[in-house]
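Participant: coords below, sequence missing:
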């Protein structure tokens, strides 16, 4: 696999999720933390929106971050001018390439795709900007037309071409086949932009990388329109752990970044969320907990500290005596076999009633007399 370049779009496509609105301070805080982690490029928003959006982008652009900053634009000169006014040196220009999108946006006139792209791209290049071109709805476009647009953008001087699975309808095999054709036909880098409507965003993005794309769009927690986008934390850790591609980022702050975006978006993660969810390193099942107590690798794919999280042993319906004894020993309580079974039965009963695992306080309340390992209390 070639060197991989991450372009995170949490501050643009992530925020476009229904009901999400970051404040300027939140956008700045997210950008600063991603810069500290080492994300090489951020798509910071849509300057043409003006108002607080433009103000936040301008502030971020003035921070002197190491990460490259990219503004999203339609193929319209005024959009490019808005990006320049915010102090951006890199712009992304999006054009529709599928029949359904061209009909909706350009009245079905495919020639307008080339005309608008030519005018906007030439203007951006005349201003000395780095230009990325996005092919909206690439996955549903005629492959010949998609290639024609890509070649046109390349001839004009674009530096990157974004393949967009705009409504998330691809599978990894089909993604790989489509992207491989672009990679072979174009000399400029191909970037993956995938959506998660069928739960395949990260898998499809990886398939595109395996097919020769070298850049990938992500969002923190997979935040984004409808079912979201390829998740930043999933992409980074999959590349690092499964493909042995270390992007040189401080992955120990991924949980911190995830929680920052949770707070800014007001959207809680499901506890089973990959990489950064509350339960990713939580163990309740007796068999699993016993294994983890012997060797964490039995039921953990990597160490929790790699993403800034921690291992948690929780008691509940599925817990066994080994786990119960371990948790109680941490609180100075030692029980014999019969006492342990009584407490374990009570734990299972209460857990079923409450529909969850128990807190430490709830567990301790079930211990008769709380006999401590160093005496009786």
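Facilitator: Noted; the coordinates are in hand. Values in this document were obtained by computation on a predicted structure and should not be read as measured data.

Participant: show me the helices in the stretch 251-377 of the chain, by range?
Facilitator: Secondary structure of the stretch 251-377 of the chain (DSSP state H, counting those that start in this stretch): helices located at 254-265, 286-294, 321-329, 337-354, 360-365.

Participant: now those helices as TSV including distance to residue 216, mean neighbour count and mean pLDDT?
Facilitator: Where you see a C-beta, it was placed from the backbone N, CA and C, and this is true even at glycine. Formatted as TSV, these follow (distance: least, C-beta to C-beta, whole Å; neighbours: other C-beta atoms under 10 Å; pLDDT from 0 to 100):
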stretch	distance to residue 216	mean neighbour count	mean pLDDT
helix 254-265	16	20	98
helix 286-294	32	17	69
helix 321-329	39	19	82
helix 337-354	41	15	85
helix 360-365	41	14	85
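
Participant: now distance to residue 156 too, for those helices, in TSV please.
Facilitator: Formatted as TSV, the helices of the stretch 251-377 of the chain follow (distance: least, C-beta to C-beta, whole Å):
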stretch	distance to residue 156
helix 254-265	35
helix 286-294	56
helix 321-329	63
helix 337-354	63
helix 360-365	63
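
Participant: what's the spacing between the residue most central in space within the chain and residue 31?
Facilitator: By C-alpha atoms, centre = their mean, the chain has its centre lying nearest to residue 231, at 2.0 Å. Applying C-beta to C-beta, to the nearest Å, the value for residue 231 to residue 31 is 18 Å.

Participant: same question for residue 174.
Facilitator: For residue 174 relative to residue 31 (C-beta to C-beta), the value is 34 Å.

Participant: gap between the closest residue to residue 366 other than its chain neighbours and residue 367?
Facilitator: Spatial nearest neighbour of residue 366, chain neighbours left out: residue 346 (4.5 Å); criterion: C-beta to C-beta, 6 or more residues apart in numbering. Counting by C-beta to C-beta, the gap from residue 346 to residue 367 is 9 Å.

Participant: got it, and residue 334?
Facilitator: Distance from residue 334 to residue 367, counting by C-beta to C-beta: 10 Å.

Participant: higher neighbour count, the two?
Facilitator: residue 367 (19 against 13; other C-beta atoms under 10 Å).

Participant: and residue 174 and residue 31? Which one has more around it.
Facilitator: residue 31 (26 against 14).

Participant: my read: the more buried one touches residue 60, true?
Facilitator: Yes. Contact criterion C-beta atoms under 8 Å: residue 31 and residue 60 qualify, at 4.8 Å.

Participant: secondary structure class for residue 105?
Facilitator: Here residue 105 is helix, with the state taken from DSSP: H, G, I helix; E, B strand; the rest coil.

Participant: does it touch residue 96 like I think?
Facilitator: Yes. Residue 105 lies in contact with residue 96 (C-beta under 8 Å); the separation is 5.0 Å.

Participant: so those two - more neighbours on which side?
Facilitator: For residue 105 versus residue 96, neighbours defined as other C-beta under 10 Å are more numerous around residue 96 (27 against 17).

Participant: counting neighbours, what do you get for residue 206?
Facilitator: By other C-beta under 10 Å, the residues close to residue 206 number 27.

Participant: ok, now which ones touch it?
Facilitator: 172, 235, 238 (C-beta atoms under 8 Å, 6 or more residues apart in numbering).

Participant: and the strand or helix carrying it, which residues are buried?
Facilitator: Assessed by DSSP states H and E, residue 206 sits inside helix 201-210. Of all the residues in helix 201-210, those buried under the rule 16 or more other C-beta atoms under 10 Å are 201-210.

Participant: let me know whether residue 315 touches residue 357 as I believe.
Facilitator: Yes. Using C-beta under 8 Å, residue 315 is in contact with residue 357, at 6.2 Å.

Participant: any idea how far residue 269 lies from residue 170?
Facilitator: 25 Å.

Participant: looking at those two, which is more packed in?
Facilitator: residue 170 (27 against 19).

Participant: would you quantify the distance from that one to residue 201?
Facilitator: Residue 170 is 10 Å from residue 201, by C-beta to C-beta.

Participant: now what about the host helix or strand of residue 100, what contacts it?
Facilitator: Assigned by DSSP H and E, residue 100 belongs to helix 99-106. With C-beta under 8 Å, 6+ apart as the test, helix 99-106 has contacts from 96, 108-110, 112-113, 116, 136-137, 140-142, 166.

Participant: distance from the chain centre to stretch 72-89, please.
Facilitator: 25 Å (C-alpha atoms, centre = their mean, to the nearest Å).

Participant: give me the contact list for that stretch.
Facilitator: So stretch 72-89 is in contact with 9, 12, 43-48, 50, 54, 57-58, 61-62, 69-71, 91-95, 113, 116-117, 119-121, 123-124, 127-130, going by C-beta under 8 Å, 6+ apart.
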